[in-house]
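>>> Return a 3D structure for these sequence lines:
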Amino acid sequence: MKIEELVLLTDGLSVSAGTGVMMCDRARIAPVRDHAIDLAFLIAGTDFVPRLRLTRDRIAKATKEEIAAIIRRVARRAVTGE
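Numbers count the residues shown, from 1 in each chain. A predicted model of the protein is given here:
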């Protein structure tokens with residue numbers, strides 16, 4: 001996967017949390033030194049803005065499904081605490 005694809009993958013990604021479904025929106029990517037990026041995104045309809053740091057190597061080796069699963073897990077934990 002390419003770093004440029006992260007925003008497209010994140011924006012509009014649905015996340016199940018309990019009995020509801022949340023949507024990720026307004027993803028932002030910022031470089032962190034030479035080896036990582038910081039990904040922040042808004043959970044639509046909330047004030048939650050989860051952030052995660054991924055290494056460039058991890059992104060390059062991962063599939064879109066693997067990265068989507070990581071984003072969903074981070075979003076769910078940010079809102080539910082689980």
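>>> And the helix-or-strand element of the chain with minimal mean pLDDT, what's buried?
Confidence across the helices and strands of the chain bottoms out at strand 14-17, with a mean of 89, counting by mean pLDDT, DSSP states H and E. By 16 or more other C-beta atoms under 10 Å, the buried positions in strand 14-17 come out as 15, 17. Backbone N, C-alpha and C define where each C-beta goes, glycine included.
>>> Same check on stretch 75-82?
In stretch 75-82, the ones that count as buried by 16+ other C-beta under 10 Å are 75-76, 78-79.
>>> just the CA coordinates of it, formatted as PDB?
Below are the C-alpha coordinates for stretch 75-82, written out as PDB (Å, rounded to 0.1, in the frame of the first residue of the first chain):
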ATOM      1  CA  ALA A  75     -11.300   4.200  16.200                       C
ATOM      2  CA  ARG A  76     -13.300   1.700  18.200                       C
ATOM      3  CA  ARG A  77     -10.900   2.000  21.200                       C
ATOM      4  CA  ALA A  78     -10.900   5.800  21.000                       C
ATOM      5  CA  VAL A  79     -14.700   5.900  21.300                       C
ATOM      6  CA  THR A  80     -15.600   2.900  23.400                       C
ATOM      7  CA  GLY A  81     -12.400   2.500  25.400                       C
ATOM      8  CA  GLU A  82     -12.300  -1.200  24.500                       C
END
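>>> which other residues reach it?
Among residues not part of stretch 75-82, those counted as contacts by C-beta atoms under 8 Å, 6 or more residues apart in numbering are 13, 15-18, 22, 24, 41, 43, 46, 48, 50.
>>> neighbour-wise, which of those leads?
When neighbours are counted as other C-beta atoms under 10 Å, the busiest of these turns out to be Phe41, with 26 neighbours.
>>> Give me the contacts around the longest strand anywhere in the chain.
Using DSSP state E, we find that the single longest strand of the chain is strand 20-32. With C-beta under 8 Å, 6+ apart as the contact definition, strand 20-32 has outside contacts at 3, 6-7, 10-16, 37-46, 53, 71, 75, 79.
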